[in-house]
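# Below: sequence and its predicted model.
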Amino acid sequence: MSASDKSRRRRHSAAFKAEAVAACRVAGASVAAVALERQVNANLLRRWVKEATRRTAVTVSVVAPQVPAPAFVPVAIAAPKPTRQAERPIRVQVRKRGVRIAIEWPVTAADCCAAWLRELLS
């Protein structure tokens, strides 16, 4: 082989490249094995796969533009079920001037309980 034969590059058709890339995309296929079968360098075949992937990504984005999501998506939220903690009453124990008072107040009327305590302690 002369020096000019070594420097000459082989040209591969688009169909050959596409077929080699498709063979690489088969589940369980090895790029190195596919390259050996077709007598091409594995790095060259990896580049063809990468270029084909880029072309596919560009084509998809041009053909199928993304549809913007709606600004508001209604969501139905069920009322929370009362928990044991929410069902428990407010318990207040006060000692004032020798008198001890124990009160239980419903949580749903917590604002009234606070007003009563302010009045009692003032």
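Now that the structure is in, tell me what you want to look at.

# and Ala69, what helix or strand is that in?
Of the helices and strands defined by DSSP states H and E, none includes Ala69.

# swap in Arg100?
For Arg100, the secondary-structure element it belongs to, assigned by DSSP H and E, is strand 99-105.

# and the next element down the chain from that strand?
In the C-terminal direction, the helix or strand that comes right after strand 99-105 (DSSP H and E) is helix 110-121.

# For the residue nearest to Pro106 when sequence neighbours are not counted, give me its contacts.
Using C-beta to C-beta, 6 or more residues apart in numbering and skipping residues adjacent in sequence, the residue nearest Pro106 is Pro89, 5.6 Å away. For glycine as for every other residue, the C-beta is placed from the backbone atoms N, C-alpha and C. Contacts here follow C-beta atoms under 8 Å, 6 or more residues apart in numbering; on that basis Pro89 touches 104-107.

# Show me which of those is closest to Ala15.
Within the contacts of Pro89, distances to Ala15 taken as C-beta to C-beta reach their minimum at Val107, with 76.2 Å.

# The closest one: neighbouring residues, count only.
A total of 13 residues lie near Val107 under the criterion other C-beta atoms under 10 Å.

# I figured it was touching Arg91, is that so?
No. With contacts counted by C-beta atoms under 8 Å, Val107 stays clear of Arg91, the gap being 10.6 Å.

# all strands for the protein, in order.
For the chain, strands defined by DSSP state E occupy the ranges 90-96, 99-105.

# Out of these, flag the one nearest Arg8.
Counting by C-beta to C-beta, Arg8 lies closest to strand 90-96 out of those; the figure is 92.0 Å.

# Report the buried members of the contacts of Pro89.
Taking 16 or more other C-beta atoms under 10 Å as the criterion, what is buried in the contacts of Pro89 is Trp105.

# coming back round to it: who wins for proximity to Pro70 among the strands of the chain?
Proximity to Pro70, assessed across the strands of the chain by C-beta to C-beta, is greatest for strand 90-96 (43.4 Å).
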